[in-house]
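A.B. asks: Sequence and predicted structure are below.
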Amino acid sequence: MDRFGTLPLALEALKERLEGGQIFSVHGNDGLSYALFLDGEGRIVFQQGDQHQPFRQLEVAVLTLLNCVGEFSSSVPPAALADGYEIDARIVNIIVEVFDVEPGQVVANVSFDDLDMDGFGLDLLDLVVRLEEQFAITISDDDAIAHMKTVGGVQQYLRQRGVL
């Protein structure tokens, strides 16, 4: 996926969170808090301190937020963020199938130990086999042990291998 290929996925994830009543809030390097939320009329509202500005398009609201904030820490899990944090949809789909979890549970910092409900590591073995099939690569046992501890570790490993 190219640099901006994950942006539509990130915007969709953010939209779902906002529609679910969640507030996306960030703290900028300037020490101020910023937020995006839906008002009672379904408009996207950008909040900067006490000021509120409604938007019709999520993309415009997000660009306004990023323009004000620059670097930030977020209340949204890493899987909902773009470029480097968004987990590739192919990885998410495989993990959802193998571990029988909801897509929202597939975030970069989640450990496969936490997802492996059978406790025997069979799901992890299935994950490795499916990743090999999906990306047409061979994953050694050493690489699986060293790099397949978290969802983010899988993505980083696949990027290092040049298949993402």
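C.D. replies: Nice, I can see it. Numbers count the residues shown, from 1 in each chain.
A.B. asks: alpha carbons only for contacts and neighbour counts from here, please
C.D. replies: Will do.
A.B. asks: Would you tell me what the next helix or strand after the helix or strand of the chain with the lowest mean pLDDT is?
C.D. replies: Least confident helix or strand, the chain: strand 72-74 with a mean of 42, by mean pLDDT, DSSP states H and E. Downstream of strand 72-74, the first helix or strand assigned by DSSP states H and E is helix 89-99.
A.B. asks: Sketch out the low-pLDDT regions of the protein for me.
C.D. replies: 1-10, 27-31, 66-86, 116-120 (pLDDT under 70).
A.B. asks: Pop the domain breakdown of the chain in here.
C.D. replies: The chain breaks down into these domains under automatic domain parsing: 7-80, 89-160.
A.B. asks: Any idea how far the last one is from the middle of the chain?
C.D. replies: The one in question is domain 89-160. The chain centroid and the centroid of domain 89-160 are separated by 15 Å, computed with Cα atoms, centre = their mean, to the nearest Å.
A.B. asks: And that domain, end to end?
C.D. replies: Using Cα to Cα, to the nearest Å, the end-to-end distance of domain 89-160 comes out at 17 Å.
A.B. asks: Quick check: most distant residue from the centroid of this structure.
C.D. replies: Asp50 (29.1 Å; Cα atoms, centre = their mean).
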